[in-house]
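Chemist: here is a sequence with its predicted model. Questions after.
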Amino acid sequence: MAIYINQNTRVIVQGITGNQGSFHTGQMLDYGTRIVAGVTPGKQGQEIQGIPVYNTVKTAMSKHPAEASILFAPAPFAKDAALEALSAGIKILVLIPEHIPLRDAMEIMAAARYYGAMVVGPNTFGLISSGQCKIGIMPNRTFVPGPIGVVSRSGTLCYQIVSHLKEENLGTTTVVGLGGDRVVGQHFIDVLREFEQDPETQAVVMVGEIGGSAEEEAAAFIRENLTKPVVSYIAGKSAPPGKRMGHAGAIIERGRGTFQSKEKALSESGIKVADLPQKISRLLRETL
Amino acid sequence: MKLYEYMGKELFALQQIPVPRGRVVETPEEAEAVAKELGPVVVKSQVLTGKRGKAGAIAFADTPEEAGREATRLLQMEVGGEKVTRLLLEEQLPPDKELYLSLVVEGETRCPVVLASMHGGVDIEEVPEEHIVKHTIDPLLGYHPYIAREICHQLGLEGKAVKSFIALLGKLYQLFQEKDAELLEINPLGLRGEDLLALDAKVVIDDDALYRQKELPVVEEKTALEKKASEIGLAYVDLGGDIAVMANGAGITMATLDLVQHFGGTPANFLDFGGGASEETAYSALELLLGTEPRVILINIFGGITRCDVVARAFVNVMQSRGITIPFFFRLVGTKEEEGRQILQEAGVEVFSSMEEAVRQAVAASQNQQGRRT
């Protein structure tokens, strides 16, 4: 089962001829992802890793229908490419780039609402249904099938945690990277809702961090709506206020978005908060 | 990027948002001269930190002499660690009522949001939620006067002031869009008769949009090292402790700092050199780290897209070209781990696989170093 994507999901790669685009196309194909076409304006007729390249998403879609697109365009061009994908009928849009201006991100999200599509990211590693389909840039061998759903705001920390779960023989159903920016398409609650519906997912790991209020929203949502156990880790306990910790969204502003506020909200909703990343697997074992 | 109040007010004035008449000065003499021209004035320190009123960094002067004296006093002040070098002198225009108005990017709704209140002049965080009116603007539809009418109705604002409010919010939204602002705050928004007047201006521009906002003034808030890091495309924050930390990815870097603190150590910095870094980037990051003159270095690499051999080679290069005389702790796992380990071991570097163990030992070493120095 898994959520959002599976072995049948057909994927387009926007920006396929660039360094990142072509490298990760190869990696995704290795993982088993059904990539049907690539898009780079002006490069129609080329082939990358055996995948045909087109000038526009519309042309690509007319020859190779697809549900999802992963976008590697540089930040200043990301909005244009994202709107192109949405208007061509893409329903799952994964935005890899970092540093997309907030105004552009808000317009992309509004357009996605208009077209009834979902956006993952920006500034995300993507999403992966283990053993079936990877639409992202995460290392392939870390993600093996199993009963745990994972949703995370950060990339490498998530790989670290998933790889630790794998060592403990706990594989994953789907792993979703929300993205490190302030305006992102998917929030914890969106993904939690899906995990609750997925019969294969037995428990959920939530990897949060300081900044914003997505964890607090999630805590309230879980208390009301989730029957499955949730274990979480929140990065940034030691972060000073007013400083942006790498991610645009990881900042304590005007006393909001602190570790303490998130930990309190989660604990009060009965969600276990691991004080170290490596303790997540033990907390999971206790709940399963 | 935060702008100084006077810069924000210049933007407001260009947008025809009413602001008091004022001038920026840098000396008491200039202050006196401006006060002669404007009459009774408010003298406002231009610093980026808020809470200037509470810090005593805003003064009222009824005569030019008084303005000169207050300017002398304020120009010797430091507010929140920031030296006062500029003052904004404005005509005194006491309002009948102080309101609050802001436009801000909201992550929850993924939209710009208007926040308004009849209880302005204090920190908005201190205003009870039931006194704040909130209205989301759909970016696809933009601003329309009905939004301001709804807000006025909820605020209980009546008469001709409603007309002023509709015009003001429209201009503010236009400015918000055109300048890629993430926050535009007017607090207090003065109500004088039926007119509205921006008595303060807090403007924050989205850093990621600065590439297309070239005509805006540049305000640098970073420390020298933070600036250097941003020039080479790294995320760096000074934290002032003993242990220099470098990791790949924002989340794992934060988690590493948390672990340092958990074991009783103090991190010197946050340095995320990103996923998939090249050898050059890793080299620059390490050089930057050494530049902080830490007592101990802690490197935490989980290679996903980042290759362990690349980071190991960069480290050995830095070791050989610059020499590293302080203790360092290197955790290295993931993609090309074997190759990376071999490179480091040939150079005599011990490699950890457990993040916890590397951090624990780094903290112990920093405490030993401390003992030796005192």
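Modeler: Great, that's in hand. Numbers count the residues shown, from 1 in each chain, chains lettered A, B, ... in the order given.

Chemist: centroid residue for chain A?
Modeler: A:Gly177 (2.4 Å; Cα atoms, centre = their mean).

Chemist: hmm, A:Gly155 and it touching each other?
Modeler: Yes. At 6.1 Å, A:Gly177 counts as touching A:Gly155 under the criterion of Cβ atoms under 8 Å. For the C-beta atoms, the positions are set from N, CA and C on the backbone; glycine is no exception.

Chemist: in which helix or strand does the residue in the stretch 251-374 of chain B that chain A sits nearest to reside?
Modeler: Per Cβ to the nearest Cβ, B:Gly251 is where the stretch 251-374 of chain B lies closest to chain A, at 2.3 Å. Using DSSP states H and E, B:Gly251 sits in helix B:250-262.

Chemist: by contact count, what packs against that helix?
Modeler: helix A:156-167, strand A:203-209, strand A:230-235, strand B:243-247, strand B:269-272, strand B:296-303, helix B:355-373 (3 or more Cβ pairs under 8 Å, 6 or more residues apart in numbering or on different chains; DSSP states H and E).

Chemist: for the residue nearest to the centre of chain A, give its distance to A:Gln160.
Modeler: A:Gly177 sits at a distance of 13 Å from A:Gln160 (criterion: Cβ to Cβ, to the nearest Å).

Chemist: name the residues of the stretch 151-300 of chain B found near chain A, please.
Modeler: B:177, B:180, B:182, B:206-209, B:211-212, B:235, B:237, B:239, B:247-255, B:257-262, B:267, B:270, B:272, B:275 (Cβ under 8 Å from any Cβ of the partner chain).

Chemist: buried only: go through those residues for me.
Modeler: Restricting those to buried positions leaves B:177, B:180, B:182, B:206-209, B:235, B:237, B:239, B:247-255, B:257-262, B:267, B:270, B:272, B:275, with burial counted as 16 or more other Cβ atoms under 10 Å in any protein chain shown.

Chemist: tell me the domain ranges of the chain?
Modeler: Here I'm looking at chain A. By the assignment in automatic domain parsing, chain A contains the domains A:10-120, A:138-287.

Chemist: could you do chain B instead?
Modeler: B:21-91, B:97-212, B:224-373.

Chemist: tell me which of these is the most buried.
Modeler: domain B:224-373 (a mean of 20; mean count of other Cβ atoms under 10 Å in any protein chain shown).

Chemist: what average pLDDT does it get?
Modeler: Across domain B:224-373, pLDDT averages out at 89.

Chemist: same thing with stretch B:156-176?
Modeler: Stretch B:156-176 comes out at a mean pLDDT of 96.

Chemist: helices of the stretch 101-250 of chain B, start to end?
Modeler: For the stretch 101-250 of chain B, the helices defined by DSSP state H, counting those that start in this stretch cover B:145-155, B:161-178, B:224-231, B:250-262.

Chemist: need the residues that contact the longest one.
Modeler: Spelled out, that is helix B:161-178. Here helix B:161-178 makes contact (Cβ atoms under 8 Å, 6 or more residues apart in numbering or on different chains) with A:103, B:11-12, B:15-18, B:101, B:103, B:112, B:114, B:137, B:142-143, B:145, B:147-149, B:151-152, B:157, B:181, B:184, B:186, B:189, B:191, B:194-196.

Chemist: same thing but at 7 Å, please
Modeler: Here helix B:161-178 makes contact (Cβ atoms under 7 Å, 6 or more residues apart in numbering or on different chains) with A:103, B:11, B:15-17, B:103, B:112, B:114, B:137, B:143, B:145, B:148-149, B:152, B:157, B:181, B:184, B:191, B:194-196.

Chemist: do stretch A:235-254 as well
Modeler: With Cβ under 7 Å, 6+ apart, stretch A:235-254 has contacts from A:123, A:154, A:157, A:180-182, A:209-212, A:257-259, B:107, B:125, B:208, B:235, B:237, B:239, B:250-251, B:253-255, B:257-258, B:261, B:267, B:270, B:272.

Chemist: in the stretch 51-200 of chain A, which residue sits nearest chain B?
Modeler: Closest point on the stretch 51-200 of chain A to chain B, by Cβ to the nearest Cβ, is A:Ser154, at 2.3 Å.

Chemist: what sits against that residue?
Modeler: A:Gly180, A:Val207, A:Glu209, A:Ala235, A:His247, B:Gly249, B:Ala250, B:Gly251.

Chemist: tell me the pLDDT at the fifth one?
Modeler: Per-residue confidence for A:His247 comes out at a pLDDT of 90.

Chemist: measure it to A:Gly155 for me?
Modeler: For A:His247 relative to A:Gly155 (Cβ to Cβ), the value is 10 Å.

Chemist: and what of the fourth one?
Modeler: Going from A:Ala235 to A:Gly155 by Cβ to Cβ gives 12 Å.

Chemist: tell me where the stretch 151-288 of chain A has helices.
Modeler: According to DSSP H, counting those that start in this stretch, the helices that the stretch 151-288 of chain A contains are A:156-167, A:188-197, A:214-225, A:259-268, A:280-287.

Chemist: okay, these, which one's buried deepest?
Modeler: helix A:156-167 (a mean of 23).

Chemist: residues in contact with stretch B:131-150?
Modeler: For stretch B:131-150, contacts defined as Cβ under 7 Å, 6+ apart pick out A:106-107, A:110-111, A:114, B:109, B:111-119, B:151, B:154-155, B:162, B:165-166, B:169-170, B:173.

Chemist: endpoint to endpoint, it covers what distance?
Modeler: Using Cα to Cα, to the nearest Å, the end-to-end distance of stretch B:131-150 comes to 15 Å.

Chemist: what's the spacing between the residue nearest to B:Tyr236 when sequence neighbours are not counted and chain A?
Modeler: Closest residue to B:Tyr236 apart from its sequence neighbours, by Cβ to Cβ, 6 or more residues apart in numbering or on different chains: B:Ala229 at 3.3 Å. Relative to chain A, B:Ala229 is positioned 11 Å away (Cβ to the nearest Cβ, to the nearest Å).

Chemist: pretty sure B:Ala229 sits against B:Leu288.
Modeler: Yes. Counting by Cβ atoms under 7 Å, B:Leu288 is a contact partner of B:Ala229 at 5.8 Å.

Chemist: shared neighbours of those two, anything?
Modeler: Counting by Cβ under 7 Å, 6+ apart, the residues touching both B:Ala229 and B:Leu288 are B:Tyr236.

Chemist: chain neighbours aside, what residue packs nearest to A:Glu209?
Modeler: Leaving aside its sequence neighbours, A:Glu209 sits nearest to A:Ala235 (Cβ to Cβ, 6+ apart; 4.3 Å).

Chemist: does B:Ala282 really touch B:Ala314, like I thought?
Modeler: Yes. Between B:Ala282 and B:Ala314 there is a contact under Cβ under 7 Å: 3.6 Å.

Chemist: from the contacts of A:Ser154, which is closest to A:Leu276?
Modeler: Minimum distance to A:Leu276 across the contacts of A:Ser154 is 11.0 Å, recorded for A:Ala235 (Cβ to Cβ).

Chemist: which residues in the stretch 1-150 of chain A form strands?
Modeler: Ranges of strands in the stretch 1-150 of chain A, per DSSP state E, counting those that start in this stretch, are A:10-14, A:34-39, A:47-48, A:51-54, A:68-71, A:92-95, A:118-120, A:126-129, A:133-136, A:145-152.

Chemist: return the distance of the last one from the chain's centre.
Modeler: Looking back up the chat, that one is strand A:145-152. 12 Å (Cα atoms, centre = their mean, to the nearest Å).
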